[in-house]
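Peer 1: Next one to model:
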Amino acid sequence: MSAFDVGAAYRRWAPYVANIAARLLGSREDVEDVLHDVFMAAVKGLRNLRDPEAIRGWLASVTTRVVSQRLRARGLRRWLGLGSVPEVNRIVAPGASPEEQALLARVYRVLDDVPIKERSAWILRMIEGDDLASVATACGCSLATAKRRITAAQARIDEVLHDD
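Peer 2: Here you go, the predicted model:
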């Protein structure tokens, strides 16, 4: 794919990638860095994409991988006492009630302790609204594995929210 095509892909798909990144990260922090990393991969990888209709899924998959690396680094920094969890209120939809904002913050606090693969699958399915096949593609796993990851994350969320 030529540089012009990557530029067109960026203009078309950057908002989508940024939205996924923010939701997976739980904040808008680092979204610009994720966009950069994803589209640097696009410069290299889009020329190998055989089906132009597959770009959405391919970008979701790359975004999920890039964000997973950042979440692992964030977890390590937290474990070492060098970082904090970003503010979730930066990704709340405009017009969300205070109760909805509080619930989203609680869910993301739970998700910070859920394994990254489960977190990613749950967010793509339950927050982004992707179908199971898209979740499996983005997470680089089978449909059955995507379902298991979503179920495991949901069970953890239910457990913690029920205890609260």
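Peer 1: where does the spatially most central residue of the chain fall, phi/psi-wise?
Peer 2: In the chain, the centroid-proximal residue (CA atoms, centre = their mean) is L24; its distance is 2.8 Å. Dihedral angles of L24 (phi, psi; degrees, to the nearest 10) stand at phi -70, psi -40.
Peer 1: same deal with the one 5 residues further on?
Peer 2: The phi and psi torsions at E29 (degrees, to the nearest 10) take the values phi -60, psi 130.
Peer 1: circling back to that earlier point, name the element the nearest residue to the residue nearest to the centre of the chain once chain neighbours are set aside belongs to?
Peer 2: Excluding the flanking residues, the one nearest L24 by CB to CB, 6 or more residues apart in numbering is V67, at 4.2 Å. From N, CA and C alone the C-beta is placed, and that goes for glycine too. Assigned by DSSP states H and E, V67 falls within helix 55-79.
Peer 1: Packing partners of that helix?
Peer 2: With contacts taken as 3 or more CB pairs under 8 Å, 6 or more residues apart in numbering; DSSP states H and E, helix 55-79 sits against helix 3-25, helix 31-45, helix 116-122, helix 132-139.
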